[in-house]
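Engineer: only geometry, no sequence info:
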């Protein structure tokens, strides 16, 4: 794994979210491995696919990548609320990858994996609908509440600029899988 990001390809983008996407997705495609199996690579999905950004070519594990120039604290802004809710209820939620990077240094600082089985409906928060003046008036997004994620399900692949060995990441991932065996009763 190389921690340098291809920041030069983002210089002509004005939007921070576009810059994050164009530098972090190619980086992940080149550097990410599957924490669930021994696959050394992940495959990028088609652009604008809902919820899923990468798939493992060996075990079919799905991943969603969120990137930020700021450390992730309590919430992660995510996709449409109903889409995420349905993915949780249908057991189709991808594993979440949270990438914190330094744009000025062009480096990955932290890369945190939250396995899909650690994210239930209690981790999902609906945001306010977009106002009537918005292009997508009425659309409701969601936040992922990181405080609801158990500590055992916060698995670093990179922490403070240091790469965690893949064998350690995979061992932590498999140890955290016991959370998937806990029966959850939905109040719906």
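Structural biologist: On my side now, so go ahead. Because the structure is predicted, anything quoted here is derived from the model rather than measured. Numbers count the residues shown, from 1 in each chain.
Engineer: what's the average pLDDT for stretch 66-79?
Structural biologist: Taken as a whole, stretch 66-79 carries a mean pLDDT of 92.
Engineer: Over to residue 77: give its phi and psi.
Structural biologist: Note on residue 77: its backbone torsions stand at phi -70, psi 130 [degrees, to the nearest 10].
Engineer: what does the one 5 residues further on give?
Structural biologist: Residue 82 has phi and psi values of phi -60, psi -40 when expressed as degrees, to the nearest 10.
Engineer: Can I take it that residue 173 is in a helix?
Structural biologist: Yes: assessed with DSSP: H, G, I helix; E, B strand; the rest coil, residue 173 lies in a helix.
Engineer: how long is stretch 114-128 end to end?
Structural biologist: The straight-line separation of the ends of stretch 114-128 (C-alpha to C-alpha, to the nearest Å) is 25 Å.
Engineer: That stretch: which residues count as buried?
Structural biologist: By neighbour count with 16 or more other C-beta atoms under 10 Å, stretch 114-128 contains the buried residues 114-120, 123-124. The C-beta positions use only the backbone N, C-alpha and C, and glycine is treated the same way.
Engineer: What lies in contact with it?
Structural biologist: For stretch 114-128, the surrounding residues in contact (C-beta atoms under 8 Å, 6 or more residues apart in numbering) are 62, 75, 77, 81, 84-85, 88-89, 93-96, 98, 140-146, 148-150, 153-155, 173, 176-177, 179-180, 184, 186.
Engineer: Which of these are buried? Put it as a ChimeraX command.
Structural biologist: To isolate the buried members of these in ChimeraX, using 16+ other C-beta under 10 Å:
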select :62,81,84,85,88,93,94,95,96,98,141,142,143,144,146,149,153,154,155,173,176,179
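Engineer: out of the contacts of stretch 114-128, which are inside helices?
Structural biologist: Among the contacts of stretch 114-128, DSSP state H puts 81, 84-85, 88-89, 173, 176 in helices.
Engineer: which residues of the protein fall in strands?
Structural biologist: Remark: strands assigned in the chain by DSSP state E are 43-44, 54-55, 62-68, 75-80, 95-102, 107-114, 124-126, 141-145, 155-159, 162-163.
Engineer: Tabulate those (a markdown table), appending distance to residue 25.
Structural biologist: A markdown table is the format used below for the strands of the chain (distance: least, C-beta to C-beta, whole Å):
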| stretch | distance to residue 25 |
| --- | --- |
| strand 43-44 | 7 |
| strand 54-55 | 8 |
| strand 62-68 | 7 |
| strand 75-80 | 16 |
| strand 95-102 | 10 |
| strand 107-114 | 13 |
| strand 124-126 | 24 |
| strand 141-145 | 19 |
| strand 155-159 | 16 |
| strand 162-163 | 19 |
